[in-house]
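Enquirer: Model the structure of this input:
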Amino acid sequence: MDLYSAIRELHDEKRKLDYAIAALEARQTKVWTPTVHKRRGRKGMSREERIEVSKRMRAYWAARRNGGVPPQSEIANRPDAGASQPVSA
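Expert: Take a look at the predicted model:
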């Protein structure tokens, strides 16, 4: 066997190996699935949680309409809000 035919056989074997490697890599990428990304943003509410929030908001707006207890932000913004608290020197 001369050097030329040995090189030709090695090239043929290399071509077959390259084909086999490419086929295995293609199969590997098809089988592999990326991790599922976590959902960002607000957490969803169950039906019971939505009902609870709905009841709470109905009571809140009914109190607001009827002159009930104002929300905390309005209490804090009143000019006399800090009058009942002692002033430290």
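
Enquirer: Give me the distance between Glu13 and Ala20.
Expert: As defined by Cβ to Cβ, to the nearest Å, Glu13 lies at a distance of 10 Å from Ala20. C-beta here means a position set from N, CA and C on the backbone, and glycine is covered the same way.

Enquirer: How about Arg47?
Expert: 55 Å.

Enquirer: Which one's more surrounded, the two?
Expert: Ala20 (10 against 7; other Cβ atoms under 10 Å).

Enquirer: contacting residues for that one?
Expert: The contact partners of Ala20, taken as Cβ atoms under 8 Å, 6 or more residues apart in numbering, number zero.

Enquirer: next helix or strand past the strand or helix carrying Leu10?
Expert: Assigned by DSSP states H and E, Leu10 belongs to helix 3-31. The element immediately downstream of helix 3-31 (helix or strand, assigned by DSSP H and E) is helix 47-65.

Enquirer: Let's test this: mean pLDDT of that next one, rounded?
Expert: Averaging pLDDT along helix 47-65 gives 92.
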